[in-house]
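Chemist: pasting the sequence and the predicted coordinates here, then a few questions.
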Amino acid sequence: MNAVVSTDPSSDAEQFLTFVLGGEEYGVTILQVQGIQGWDRVTPIPNTPDFILGVINLRGAIVPIVDLRRRFGMPAAEFGPTTVVIVVRVAQENRNERTLGLVVDAVSEVCNVNAADKKPAPDFGSHIKTDFVKGLATVDKRMVILLDIDRLVSEGLLGSMTTH
Amino acid sequence: MTLDLTQFHDAFFEESFEALDSMEAALLKLDLGAPDAELINTIFRVAHSIKGGSATFGFSEIASFTHSLETLLDELRANRLQVTQQMSDLLLKSVDAMRDMLRAVQVKQPIDAQKVASLQAEAEALLAQRDAAAAGSAAKAPVAGSVTSPTAEVPAKSASSGDVSPAQGSGSPAGAPAARVWKIGFRPYPELFARGNDPLRMLRELNELGTLEVEAHFEALPSFTDLDTQNCYLAWTLQLSGNVAEEAIREVFDWAEGDCDLDITEVAPAAPAEDLTNYDLIAEFDAMMSADAAPKYEAVKATAPEPVVVSTPAPSPAPAEKSKSEVSAASGIGDSGSIRVSVEKIDELMNTVGELVITQSMLSQLGRNLEGGASEQFRLGLAELERNMRELQDSVMRVRMLPISFVFSRFPRMVRDLAQRLGKQIEFTMTGEQTELDKTVLEKIGDPLVHLIRNSVDHGIEKPDVRVGKGKSANGHLKLDACHRGGNICVEVSDDGGGMDPVRIIAKARARGLIGPNELITDDQAVELIFAPGFSTAEQTTDVSGRGVGLDVVRRNVKELGGSIEVKNTPGSGARFIITLPLTLAIVDGQSIAVGKQSYIVPLISIIESLQIKQGALNRVAGRGEVFTFRGDYVPVIRLHELFGVEPRARALDEGLIVIVEGDGRRVGLFVDDLLGQQQVVIKSLETNYGHIDGVSGATILGDGSVALILDLPGIIRRAGAGARVN
């Protein structure tokens, strides 16, 4: 599994897939990314939080799709031609890995982030939750917010998911 | 030889557990007093193979325990001991003990030595009793030339801790052990090791039988560079002297049969023609020899002192064939009729086939709209594909099907133990054990059945004296039956016990507050109450049943499997519980319905009827709930679009349809836009990647690749808080 990341095992650089969401740039560990695919129709699921858009058929598996904008409380945007679904695998305590899709505005690039460039997320006080922010990194003088997806899910991202 | 034996451990454990299961089954079939010799042989073989295996792998505790067990069994086999209740209890406990030991060894935990020792002591006590009895009868009965004096024999035996070899115990009729000399040519085939045989162990075993002289042949040994350590290159000529019967020698080579050339020749029968054992031997040859060999047999008899040659299996196909098939059945070796496959592999196969079905239906939809030259041929091809797909799907489904005996097999033991503990006499019969059903259903049906059977034994069937007082036979009858009925499987548990008394049930239900003090219900409704949570009519709580968690759990489990449970009660003469279950959980016959832009699947089995009603046919209750009259009942209407929050096409009742569905014993009318079509759908779990959603039991992938949700009607009815009770 590590083969993807550390072409140079001596470096402590980690690779992130970065994407744009409401003008901000976010990153997820590339090891968790299973694929990227264009936005397509989903089947809505009744009685779920609004950021759960529904489920899709991903090669025979039923995979839930999460709208990250709505999840982060950003204003909803029209889905355009750059809108994509990043399919990620999420590890969880006491159960098997789960697969889910994150809808984002656009994918930017894959970048290397050295441990030295990673800074802890500042405390914004109680009104902005930063639990699922792993840290901030500077890449080509841009700030990338590194997401902790495992945390995002366990912090009730998928609402009723945790009830079972 | 540095062959790594640990690689065979798993196979050994698996085979041993299976063998123990068959031993247990054989024990339960064993009649007291008049045991079937074949059954005792089966039991003996299991003990013998476990002993051999565990000795080979160095599990000495198991080997020593099974050895004492074997000694006991050998006495049974030779009819020197009677099968008593005590004996069969002990043997069953030994099966449990062996299972525990194997499990402990498997997980590398210490063995419960105390338990083992106590069982071993019990076995020895039985043996000592036998010796005492035999000695007693020997003293009384005028058995010709009967042996040792009782006083000398008994203390010696009880002191020598069960290590009684049958030869020693029986003594030879002549009084003096007749020394016989056997010449054994043992030439293993190269693949002997691979079959789990260890020649060294066999030689050691032979050595225990008598004085053994060994001559090894190294001729076949290749040069060092060509040596394959997994092959056996050695052969032996053995000379065994002592009072040993040919069977005893053959038994040592029992497992190697077919993996070696074996010649057993008696060189110099020490006893002359009047030796009884020799006559036995001749009689045996008689049976083994074919008709054309008869003259030779005469010759043999006439010249008894001549060496008698018996060559192994090939020349005597009939008896050898039988024993061979038994061997392979017991050991699982060489049974090419079936293979072991992990469940994951089958599930993978199922998934792939599911995908193929979807792709195929996608193609069919495309094909329907095709125009032009080759379109007709294309459609023909598609029809062919569809047919083949269906067959493929059926075959894969059948792979997952297992006979229900996998679940049933544990019940005879359970019933026996329970009946004994409760002081009841029960004849337990099972039918339809070969009925096949899906593995997932099979795994989940066990617990409900355990509940039902325990209930029958504990509450249903009366104690013998009560039964006799009622004019019934002292033995209660408990029946377990399985059969296919349509696309379902029916499992029935019935007993001829006291049945259920509606009066008592009603009284109990009143006391528990399950029904109001003045509420009147029919007897049938009363019987239904036993499925209510917290209901139990046992006079006193036993550890068998009576904690009030029983039948409600049974019903819930059965419901979860998409089945139903029904009870037929005849007060005073028994009760029947009938469980109906779908054959598989992987595929459901569904009706697609449309609401707005969405389509949903309703399991066909829960649909009663679909109809269109007029706007005025609805009545309102308390200004909110809508009901309409359906066959004399008021049935509430659930508007699916409201419940699921989707934008419908039809809001007025006469624009859409009402689908009358039943779930959890309640009926509702689902208001939907339209019915689309019926199809078999492969159920996919939503919980793998998401979680449980109220009112949705799963999802499926439609022909166009999109996902449709499968409705869970009991959930929907619960959610809506509606539903007319079905009477």
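Modeler: Alright, I've got the coordinates.
Chemist: contact residues of the stretch 451-600 of chain B facing chain A?
Modeler: Remark: the part of the stretch 451-600 of chain B in contact with chain A comprises B:Gln598, using Cβ under 8 Å from any Cβ of the partner chain. In short, each C-beta sits where N, CA and C put it, glycine included.
Chemist: low-confidence ranges in the chain?
Modeler: Since no chain was named, I'll use chain A. Counting by pLDDT under 70, chain A contains low-confidence ranges at A:1-11, A:93-95, A:124-130, A:154-164.
Chemist: correction: the question concerned chain B.
Modeler: B:1-4, B:33, B:130-179, B:268-336, B:486-487, B:534-550, B:584-585, B:623-624, B:664, B:722-727.
Chemist: outline the domain layout of it.
Modeler: Per automatic domain parsing, the structural domains of chain B span B:5-167, B:180-330, B:343-402, B:404-582, B:587-725.
Chemist: quick one: end-to-end distance for the fourth one.
Modeler: So the one you mean is domain B:404-582. The straight-line separation of the ends of domain B:404-582 (Cα to Cα, to the nearest Å) is 13 Å.
Chemist: and that domain, how far from the chain's centre?
Modeler: The offset between the C-alpha centroid of domain B:404-582 and the centroid of the whole chain comes to 21 Å, using Cα atoms, centre = their mean, to the nearest Å.
Chemist: do the same with the last one
Modeler: In this view, domain B:587-725 has its centroid 40 Å away from the chain centroid, taken as Cα atoms, centre = their mean.
Chemist: the helices in chain A, which residues?
Modeler: Taking DSSP state H as the criterion, chain A carries its helices at A:68-71, A:149-152.
Chemist: no wait, the stretch 51-200 of chain B
Modeler: Counting by DSSP state H, counting those that start in this stretch, the segments of the stretch 51-200 of chain B that form helices are B:60-77, B:85-106, B:113-140, B:150-159, B:166-170, B:199-209.
Chemist: same deal with the stretch 601-727 of chain B?
Modeler: With DSSP H, counting those that start in this stretch, the ranges of helices along the stretch 601-727 of chain B come out as B:640-644, B:713-720.
Chemist: using CSV, write out every CA atom in the longest one.
Modeler: Below are the C-alpha coordinates for helix B:713-720, written out as CSV (Å, rounded to 0.1, in the frame of the first residue of the first chain):
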residue,chain,number,x,y,z
LEU,B,713,-42.8,-2.6,5.0
PRO,B,714,-42.9,-3.4,8.8
GLY,B,715,-40.4,-0.4,9.2
ILE,B,716,-42.6,1.9,7.1
ILE,B,717,-45.7,0.9,9.0
ARG,B,718,-43.9,1.4,12.3
ARG,B,719,-42.6,4.8,11.1
ALA,B,720,-46.0,5.9,10.0
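Chemist: B:Asp447 contacts B:Asn557, correct?
Modeler: Yes: with contact taken as Cβ atoms under 8 Å, B:Asp447 and B:Asn557 are classed as touching, separated by 6.2 Å.
Chemist: more crowded one of these two?
Modeler: Between B:Asp447 and B:Asn557, B:Asn557 has the larger neighbour count (other Cβ atoms under 10 Å in any protein chain shown), namely 19 against 13.
Chemist: is it correct that that one is in contact with B:Lys444?
Modeler: Yes: in this structure, B:Asn557 is within contact of B:Lys444 by Cβ under 8 Å, at 6.5 Å.
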